[in-house]
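Undergrad: A predicted structure for the sequence below; I have some questions about it.
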Amino acid sequence: MSDRMPYLTSKLQGFGTTIFGEMSALALATNSVNLGQGFPDTDGPREVLDAAIEAINTGQNQYPPAIGVPSLREAIAEHQQRFYGLTFDPVTEVLVTAGSSEGLASALLALLDTGDEVITFEPMFDIYQACIAMAGGQVKAITLRPPTYGFDIDEVRAAITPRTKIILVNSPHNPTGKVFNREELQSIADIAIEHDLIVITDEVYEHLTFDGLEHIPLSTLPGMRERTLTASSGGKTFNTTGWKVGWLVGPAALVSAARTAKQYLTFVSSGPFQPAIAVGLRLPDQYFIEIAADLQAKRDRLCAGLTEAGFEVYLPQGTYFVTVDIRGLRPDGDGMAFCRELPKLCNVVAIPNQVFYTDQRRGQHLVRFAFSKRLEVLDEAVSRLKTLAS
Ligand code: GLN
């Protein structure tokens, strides 16, 4: 946590500037290969891009309906049915948001009272902690431990108090690349049901899993659909992270609570991009198979290169991130210093995982690289990183 900032509410003290903003600015300033902030460097499918252009050219440029355009809400419901066998009503059980970030923020702001507790797993994507803080809630973090990023379900059980309201699960998981397996999910579901908790899931990397591993939405488990609010988006699946088209799906009572908060945040967003993401969600299965295969090849290329460069690599099962232990190259294991120096040393940018922990010491020696880049870009980054050891 950084120094106290003037004016800033006590709820947000310590949150400062996001690491993604800091590191992407550093990448630009030093002309580095940016493997920090996770975004692809190629465009998504032509049909999806053309659909956005068409929407702009045909006048779909004003406020969309508060809950999202009908074609997108219907496409989201069809997608949940097609991939997971889940049935949602596109009018009452689907809400379009400004990326899944706003979906998660709306859900947390809508569901938490001051002092309510949220159990989640760390390392965790930075917005969870900030949004829980803005909502007046408290984070109870369960640590995922390398190399497998497993956890002890008894720790989850022990973290439950009378104030526990929500379990927040991100799978496939940023930054570790862990894909929670059925047994792990079932153990979480059992606790949620036993203690009558709400579950929020962040599934934005749902189509980016490797080695044939299946992404299992928690709401497909018995007794979970009625208590689970799922956030996802089109950004990662269709290489359109800047469009900020996301959504929540879940039972009507949870979705309408989130909708109440959402209407006072952005109100609506991304008008012409919404019908375009609907086109993407309806693409044939082959598209979804190919993006995972393409990314798996990129994962393998970068992971092999990072190993050769001297890092200990924790092979991810999904997402577009890989975590490494830097101590082979930097014995003091100071990941923050390493990431701040890396652009000067060899013009590569990465993210220090310590920012994803409630106690930064737990992730101090871990660093995240994104592999959502063209192979030649990954190769260039690796050849630069290899100069570190010499
Ligand atoms: N989700 C992406 C990442 O983890 C981008 C995050 C952001 O810029 N807020 O890198």
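TA: Yep, that arrived.

Undergrad: Around the ligand, which positions in this protein sit nearby?
TA: The chain has residues 18, 20, 37, 38, 125, 174 near the ligand, with proximity defined as Cβ under 6 Å from any ligand atom. Where C-beta positions appear, they are placed from N, C-alpha and C, glycine not excepted.

Undergrad: I'd guessed the first one sits against residue 126; true?
TA: Yes: with contact taken as Cβ atoms under 8 Å, residue 18 and residue 126 are classed as touching, separated by 5.8 Å.

Undergrad: For the chain, give the helix that spans the most residues.
TA: In the chain, with assignment by DSSP state H, the single longest helix is helix 285-308.

Undergrad: what's near enough to touch residue 93?
TA: With contacts defined as Cβ atoms under 8 Å, 6 or more residues apart in numbering, residue 93 is in contact with 77, 249, 250, 251, 252, 255.

Undergrad: Tabulate the residues you listed (JSON lines), appending distance to residue 135, secondary structure and pLDDT.
TA: Conversion of these to JSON lines gives the following (distance: Cβ to Cβ, whole Å; DSSP: H, G, I helix; E, B strand; the rest coil; pLDDT from 0 to 100):
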{"residue": "77", "distance to residue 135": "27", "secondary structure": "helix", "pLDDT": "98"}
{"residue": "249", "distance to residue 135": "21", "secondary structure": "strand", "pLDDT": "98"}
{"residue": "250", "distance to residue 135": "17", "secondary structure": "coil", "pLDDT": "98"}
{"residue": "251", "distance to residue 135": "20", "secondary structure": "coil", "pLDDT": "98"}
{"residue": "252", "distance to residue 135": "21", "secondary structure": "helix", "pLDDT": "98"}
{"residue": "255", "distance to residue 135": "17", "secondary structure": "helix", "pLDDT": "98"}
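
Undergrad: one step back: buried members of the residues of the chain next to the ligand into ChimeraX, please.
TA: In ChimeraX syntax, the buried subset of the residues of the chain next to the ligand is picked out as below (16 or more other Cβ atoms under 10 Å):
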select :37,38,125,174
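
Undergrad: which parts of the longest helix of the chain are buried?
TA: In terms of neighbour count (16+ other Cβ under 10 Å), helix 285-308 has its buried residues at 287-288, 291-292, 295-296, 298-299, 301-303, 305-306.

Undergrad: do the same with stretch 152-168
TA: Applying a neighbour-count criterion of 16+ other Cβ under 10 Å, the buried positions in stretch 152-168 are 153, 156, 159, 160, 164, 165, 166, 167, 168.

Undergrad: Can you give me the end-to-end span of it?
TA: Chord length of stretch 152-168, first to last residue, is 16 Å (Cα to Cα, to the nearest Å).

Undergrad: what about that stretch, average pLDDT?
TA: With pLDDT averaged residue by residue, stretch 152-168 scores 98.

Undergrad: same question, stretch 310-326
TA: Across stretch 310-326, the average pLDDT comes to 98.

Undergrad: Ok, stretch 179-191 next?
TA: pLDDT averaged over stretch 179-191 equals 98, rounded to a whole number.

Undergrad: in that stretch, what counts as buried?
TA: Buried positions in stretch 179-191, judged by neighbour count with 16+ other Cβ under 10 Å: 179, 180, 184, 185, 186, 187, 188, 189, 191.

Undergrad: ok, of the buried residues of helix 285-308, which one's closest to residue 380?
TA: Of all those, residue 380 sits closest to residue 305, with 10.1 Å by Cβ to Cβ.

Undergrad: So the closest one sits against residue 385, correct?
TA: Yes: taking contacts as Cβ under 8 Å, residue 305 lies within contact range of residue 385: 7.3 Å.

Undergrad: now the strands for the stretch 1-150 of the chain?
TA: In chain order, the stretch 1-150 of the chain shows strands spanning 33-34, 94-98, 117-122, 138-143, with DSSP state E, counting those that start in this stretch as the criterion.

Undergrad: Grab the nearest non-local neighbour of residue 195.
TA: What sits nearest to residue 195 in space, not counting adjacent residues and going by Cβ to Cβ, 6 or more residues apart in numbering, is residue 160, at 5.6 Å.

Undergrad: From the ligand, how far out is that neighbour?
TA: Here the distance between residue 160 and the ligand works out to 28 Å (Cβ to the nearest ligand atom, to the nearest Å).

Undergrad: Next: residue 274.
TA: Residue 274 is 20 Å from the ligand, where distance means Cβ to the nearest ligand atom.
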